[in-house]
Structure formats: C-alpha cells, structure tokens
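K.L.:
sharing a sequence plus its predicted fold:
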Amino acid sequence: MSLLPIDTVHGDHRINRDTEPALVASQDFAPVPALLASAGAPVRQLQHRMLLARPVVEAQLADGGVRLLDARTAKTLPPVDAGTAARIARGAYRGDARPALIVERVDRAGTEYRGALPAWRVSFADPDGTRIYVAAQTGRLTSVRTGTWRLYDFFWGLHIMDWTEHERFNTPWLNAFAAGGLVFGVAGAILLFMRWPRRRRRKARGVSEAVA
C-alpha cells in the first residue's frame with residue numbers, strides 16, 4: 001500500500017474538486033428570514049454556494065437533514081436528478097471518457113461508498129474505471145473511486161482483517177492475531193532471558209577449562 005501515491009488513491013488525477021464558480025456581489029439574494037421560513041424546519045446553518053452556475057443555499061437542519069434552496073427566490077429545490085448529477089460529474093472529470101458514462105442511483109452504503117445518501121454514481125469508461133459520486137440532496141461531489149482505490153481498499157481490508165466493511169479496527173480476527181503476537185513476543189523475551197545466563201556460564205566455563 002505504501003507504494004501507491006495517496007493522491008492517486010484519492011483519485012485527484014481524475015477529478016477537479018473545485019469546479020463551482022464563486023459568488024458575486026451583484027447577485028440578488030433572498031433575505032435570511034425568507035430562507036429560514038422556506039426550510040420548513042429548525043435550521044442549524046445556511047451556506048450560500050453555486051451549483052452549475054446557479055446560486056443556491058444549502059440549509060443544514062437541526063435534525064441532521066439537508067435542504068437545498070434557491071438563493072434568489074428562497075424556494076425549495078428538488079433533489080438533484082440523474083441528468084444534473086451527470087453534468088456535475090462531467091464538469092469535474094479530468095479524463096477523456098466524457099461521452100461514455102453510466103448514471104445509477106445509490107440508496108444504500110456499501111464497501112465502495114459510505115457517503116451521503118441517496119447519491120448518484122456516475123461511471124466513466126476509462127482505464128481506471130472511474131466512478132464519481134454526487135449527493136442527491138446537495139449536488140456535492142462526495143467521493144471518487146478508481147481501480148487504484150479499489151486495489152488499495154482490498155489490501156487495506158486484509159491489513160485490518162475486516163473482510164466486509166474495510167474500516168473496523170476491532171474485529172475478532174485482528175484482536176486474536178494481536179493477542180497472539182503479544183503472547184509470542186512475551187514468550188520470546190522470557191526464553192531469551194532464561195537462555196542468556198546459560199550462554200554466559202558456558203562461555204566462562206570454556207575459558208576456565210582452557211586456562212587449566
């Protein structure tokens with residue numbers, strides 16, 4: 001795993017994560033009270049940003065949910081659909097396989113993706129098997145997966161001995177091998193301690209016999 005550059009594992013060579021344009025002062029935004037009212041639930045945070053050249057507000061709700069609002073009208077926006085997710089992924093993709101892609105909805109977390117749900121998986125037909133994940137509620141790029149990442153994740157799962165989720169550090173297998181390693185280490189230290197004086201005595205005995 002140490003031989004693989006971490007930037008390549010993260011897929012930074014296949015995606016540009018900073019594709020959203022900046023907000024400009026000339027845009028006419030809805031007042032905060034209107035945004036809070038449109039959210040329809042207690043709001044923890046409001047974040048203005050751009051989504052495909054459209055100013056939006058990402059409302060983080062107190063219950064952990066997320067709601068996307070139009071920054072100019074304060075109207076609630078529908079979740080991102082497959083076509084919009086494909087446009088977002090195309091805009092961030094750095095490879096040459098733009099025309100050939102497959103868009104699939106993801107409703108459950110798996111080994112490859114454990115980000116915000118539901119999400120859209122946009123697959124590109126390039127040598128890396130690039131897959132870009134876009135959160136349906138916010139339109140944010142949440143993850144990028146490539147063949148290098150899958151190879152790394154496979155060996156990572158072997159390393160921590162979690163064959164299913166690839167993220168748990170306290171599996172019974174790992175605990176058993178850790179305990180076994182500790183037992184063998186302590187036993188080896190004890191044996192070394194017990195054998196070391198015998199070697200010294202044998203050496204001293206050989207020297208005394210040679211002198212005699």
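P.N.:
Sure, I can see it.
K.L.:
so which residue is smack in the middle of the protein?
P.N.:
residue 143 (6.3 Å; Cα atoms, centre = their mean).
K.L.:
can you tell me the SS state at it?
P.N.:
Under the three-state scheme (DSSP: H, G, I helix; E, B strand; the rest coil), residue 143 adopts strand.
K.L.:
if we ignore the residues flanking it in sequence, what's nearest it?
P.N.:
Leaving aside its chain neighbours, residue 143 sits nearest to residue 133 (4.3 Å; criterion: Cβ to Cβ, 6 or more residues apart in numbering). The C-beta positions use only the backbone N, C-alpha and C, and glycine is treated the same way.
K.L.:
what is the burial count for the closest residue to residue 96 other than its chain neighbours?
P.N.:
Closest residue to residue 96 apart from its sequence neighbours, by Cβ to Cβ, 6+ apart: residue 126 at 7.0 Å. Residue 126 sits with 18 neighbouring residues when counted by other Cβ atoms under 10 Å.
K.L.:
now stretch 107-124: mean pLDDT?
P.N.:
What stretch 107-124 shows for mean pLDDT is 91.
K.L.:
stretch 127-145 now?
P.N.:
In this model, stretch 127-145 has a mean pLDDT of 93.
K.L.:
mind jotting down where the strands sit in the chain?
P.N.:
Using DSSP state E, the strands found in the chain span residues 43-51, 54-61, 66-70, 101-106, 119-124, 131-135, 141-145.
K.L.:
most neighbours per residue, which of these?
P.N.:
Each of those was scored by mean neighbour count; the highest is strand 131-135, a mean of 25, by mean count of other Cβ atoms under 10 Å.
K.L.:
tell me the strands beside it, with direction?
P.N.:
When pairs are called by DSSP bridges, strand 131-135 turns out to pair with strand 119-124 (antiparallel), strand 141-145 (antiparallel).
K.L.:
how about those strands in CSV, adding distance to residue 7?
P.N.:
What follows is those, written out as CSV (distance: least, Cβ to Cβ, whole Å):
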stretch, distance to residue 7
strand 119-124, 18
strand 141-145, 12
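K.L.:
tally up the residues packed near residue 140, please.
P.N.:
For residue 140, the number of neighbouring residues by other Cβ under 10 Å comes to 20.
K.L.:
same check, this time on residue 20
P.N.:
By the other Cβ under 10 Å criterion, the neighbourhood of residue 20 contains 18 residues.
K.L.:
quick revisit: list the contacts of the residue nearest to the centre of the chain.
P.N.:
Contacts were defined as Cβ atoms under 8 Å, 6 or more residues apart in numbering; by that measure residue 143 touches 113, 115, 132-133.
K.L.:
biggest separation within the residues you listed, which pair?
P.N.:
With distances taken as Cβ to Cβ, the most widely separated pair in those is 115 and 132, at 11.4 Å.
K.L.:
would you confirm that residue 38 contacts residue 74?
P.N.:
Yes: because the distance of 4.4 Å satisfies Cβ atoms under 8 Å, residue 38 is recorded as touching residue 74.
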